[in-house]
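Engineer: can you look at this prediction? I've put the sequence above it.
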Amino acid sequence: MLSRVRRAYAAIRRTVPFFILGFALLVAALIANGESAFAGPLSALTPRAATPLTSAAPAASSAAPPEKIAPDSPRAAMSDFTKLTRAGDYGKAARYLDLTAVDQSDGPVLAKHLREVLDRHLWIDVDKLSPESHGDTEDGQAPDREELGNVTGAAGKPVPVLLVRKVDARGARWVFSAATVGHIDEWYEHLENRWLLDHLPKMLLGFGPRELRWWQWLALAPLLILGWLLGFAITRLSGVVIHRVMSAHGAETMRRMRGPATLAWMIVACYALLPWLGLYEPADAFVRRGFSAALLIAFFWALWRAVELSQHAVSSAQWAKNSLTAHSLLLLAARLGKFAVAAFASVAVLAELGYSVTSIITGLGIGGIALALAAQKTVENLFGAFSLAVDRPFREGDFIQVDNVSGTVEVIGLRSTRIRTVDRTLITIPNGKLADMRIETVSARDRIRFYALIGVVHSASARVGEIISGIEALLRDNEVITKSSISVRLIAITDSALNLELSAICELTDYDRFMSVRQALLLGVIEVVEQFGAALAHPTRNIELDPDFTRQILEKRG
């Protein structure tokens, strides 16, 4: 039981960073897509402008003069009602209600309730209302009457929300009709989150960015946590089922896909839980757009893992293991595939968040021109990577010598190759240059040559033939030496030694084992030389002094 708890804890610990990443990306998307656009280099990716909800008139443009709005028009009345209710001044907002059929003192409460009903069930675009005093005379409605939409009543039937033009001692103005006012309490009673609206502090009921109330902003974090817990549980249960019904390969695939699956199920759960927040139409659309972006992230994350799994599956095939070309090309193809997934993911997520795809593609086109003009070295290195993958002079893990550098290849990247030297330093060589260099792949040796040059003293000249025969016998007795490759020759007679050249091929590829064999052979050569009464030579010089010169020096000193 304890081991299961530990495994569950370890699994949670592995997926928590992915949840934090998804949550951070979602919050970043919500903030970045908020009231202001990106600044700096990303200013070209400006979000599509949202329609103002409380503006009395559309913004003036240089192409057309501002639209004239009559002060007693439906647009002016609805705009003023929205501003007053947003500010919490329900007493003044009540003047836009026809209270002839109800108690006048209930006006502020009815104005507040109507605001909540409209926000929840009928989000009104103020800019689409008529700016004329008598309203839209071509909409087929009766004069001085505007139908804003319908709200479902208690009987399940749609009830129209009407604005009518009223003229009294205070002048002409547009108000919500008496019939509409009569349905306000009925509509309000059936709101899903009415208890919260009646009991939460006024500060939390205020509106924050993107038409979300402050309590809704705060509730997003618990909603995401609950969604993650549900997503984690569903993913784990799915993993158990898959592990039972599929092979080990399928279970490994599910394990690698656990992160994307958890994020995807988390977003699905959040979609299901979202109605509990009672978001208004713009806020609901905004949050759903963020969830859709997170779902896209999960999808492309899964594609990223699919590229890794495909590379692993193909690389595990016997034909791929036996082909150096396949290994290099698969590695390069996987990296290019990941780059393509990341590029498509960036465009798709930005487009889902409301940024113009045209601007993004235009930016990519400009980036392509910059690549052609200013990134020639990068392109050269990229083609160098292709050249190395096709020519396959080495692969990761091989020991190579190039440009006075010896070491083990650690990474063959798209731009450069990194080599770990015997001194444990890391050397990076651009692929464009590396493709043109002379490369010696030490790891590709099928055999290793034993070679030595020794000198024997001149006093052993009579027994040089015996020494050569003894060394040949020593080499033939070694089981790793290719007998036909043995060569022991007298190659030079110098002032201080008789030079012998020893050469043979060892049937070895393990360099550490070869070092042990070479040491044993050299010790054996020393024994053979000493066995025949000879010795290894070293450079010597004899200095002879003139006797008269020596006597003169001694006389001067004495």
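Structural biologist: Done, it's in.

Engineer: and the host helix or strand of residue 420, C-alpha only, in CSV?
Structural biologist: Applying DSSP states H and E as the criterion places residue 420 in strand 416-421. These are the backbone C-alpha positions of strand 416-421, laid out as CSV (Å, rounded to 0.1, in the frame of the first residue of the first chain):
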residue,chain,number,x,y,z
SER,A,416,26.4,22.9,-34.7
THR,A,417,28.0,19.8,-33.3
ARG,A,418,29.3,19.6,-29.7
ILE,A,419,32.3,17.4,-28.9
ARG,A,420,33.4,16.4,-25.4
THR,A,421,37.2,16.3,-25.3
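
Engineer: now that strand: mean pLDDT?
Structural biologist: Averaging pLDDT along strand 416-421 yields 90.

Engineer: pairing partners for that strand, with directions?
Structural biologist: Looking at strand 416-421 with DSSP bridges, its partner strands are strand 405-412 (antiparallel), strand 426-430 (antiparallel).

Engineer: list of residues touching that strand?
Structural biologist: 381, 388, 400, 402, 405-411, 426-431, 434 (C-beta atoms under 8 Å, 6 or more residues apart in numbering). Quick note: C-beta positions are derived from backbone N, CA and C, even for glycine.

Engineer: please pick the buried ones from those residues.
Structural biologist: If you count burial by 16 or more other C-beta atoms under 10 Å, the buried members of those come out as 381, 388, 400, 402, 407-409, 427, 429-431, 434.

Engineer: next up, phi/psi of residue 441, please.
Structural biologist: Its backbone dihedrals place residue 441 at phi -90, psi 100, with angles given as degrees, to the nearest 10.

Engineer: excluding its backbone neighbours, what's nearest it?
Structural biologist: Nearest residue to residue 441, sequence neighbours excluded (C-beta to C-beta, 6 or more residues apart in numbering): residue 394, at 4.6 Å.

Engineer: ok, now which ones touch residue 435?
Structural biologist: Residue 435 makes contacts with 384, 387-388, 391, as judged by C-beta under 8 Å, 6+ apart.

Engineer: among the residues you listed, who's most crowded?
Structural biologist: Neighbours here mean other C-beta atoms under 10 Å. Within those, the largest count is held by residue 384, at 22 neighbours.

Engineer: pLDDT value on that residue, please?
Structural biologist: Reported pLDDT at residue 384 in the predicted model: 77.

Engineer: just to be sure, it is in a helix?
Structural biologist: Yes - Residue 384 forms part of a helix when assessed by DSSP: H, G, I helix; E, B strand; the rest coil.

Engineer: that one contacts residue 432, doesn't it?
Structural biologist: Yes - proximity of residue 384 to residue 432 meets the contact threshold set by C-beta atoms under 8 Å, at 4.0 Å.

Engineer: hang on, the earlier thing: helix/strand/coil for the residue nearest to residue 441?
Structural biologist: Under the three-state scheme (three-state DSSP), residue 394 adopts coil.

Engineer: look at it and say how many residues are nearby.
Structural biologist: Residue 394 sits with 25 neighbouring residues when counted by other C-beta under 10 Å.

Engineer: and it, how far from residue 442?
Structural biologist: Using C-beta to C-beta, to the nearest Å, we find residue 394 at a distance of 9 Å from residue 442.

Engineer: just checking, residue 166 is part of a strand?
Structural biologist: Yes - secondary structure assignment places residue 166 in a strand (three-state DSSP).

Engineer: wait, it touches residue 178, no?
Structural biologist: No - when contacts are counted by C-beta under 8 Å, residue 166 is not listed as touching residue 178 (10.0 Å).

Engineer: any residues in contact with both of these two?
Structural biologist: When contacts are counted by C-beta under 8 Å, 6+ apart, residue 166 and residue 178 are jointly contacted by residue 98.

Engineer: of these two, who's got more company?
Structural biologist: When neighbours are counted by other C-beta under 10 Å, residue 166 and residue 178 differ, and residue 166 comes out ahead with 19 against 16.

Engineer: how about that one: what's its closest non-neighbour residue?
Structural biologist: Once its chain neighbours are removed from consideration, residue 166 has its nearest residue in residue 175; the separation is 5.1 Å (C-beta to C-beta, 6+ apart).

Engineer: report the distance from the helix or strand encompassing the one you found to the chain centre.
Structural biologist: With elements taken from DSSP H and E, the one containing residue 175 is strand 171-176. Taking C-alpha atoms, centre = their mean, to the nearest Å, one finds strand 171-176 lying 57 Å from the centre of the chain it belongs to.

Engineer: ok, now stretch 130-150?
Structural biologist: The gap between where stretch 130-150 is centred and where its chain is centred comes out at 53 Å by C-alpha atoms, centre = their mean.

Engineer: in that stretch, what's buried?
Structural biologist: Residues of stretch 130-150 classed as buried by neighbour count (16+ other C-beta under 10 Å): 130-131, 133-136, 144-148.

Engineer: for the stretch 451-558 of the chain, which residues score under the pLDDT cut-off?
Structural biologist: Judged against pLDDT under 70, the low-scoring parts of the stretch 451-558 of the chain cover residues 540-542, 545, 558.
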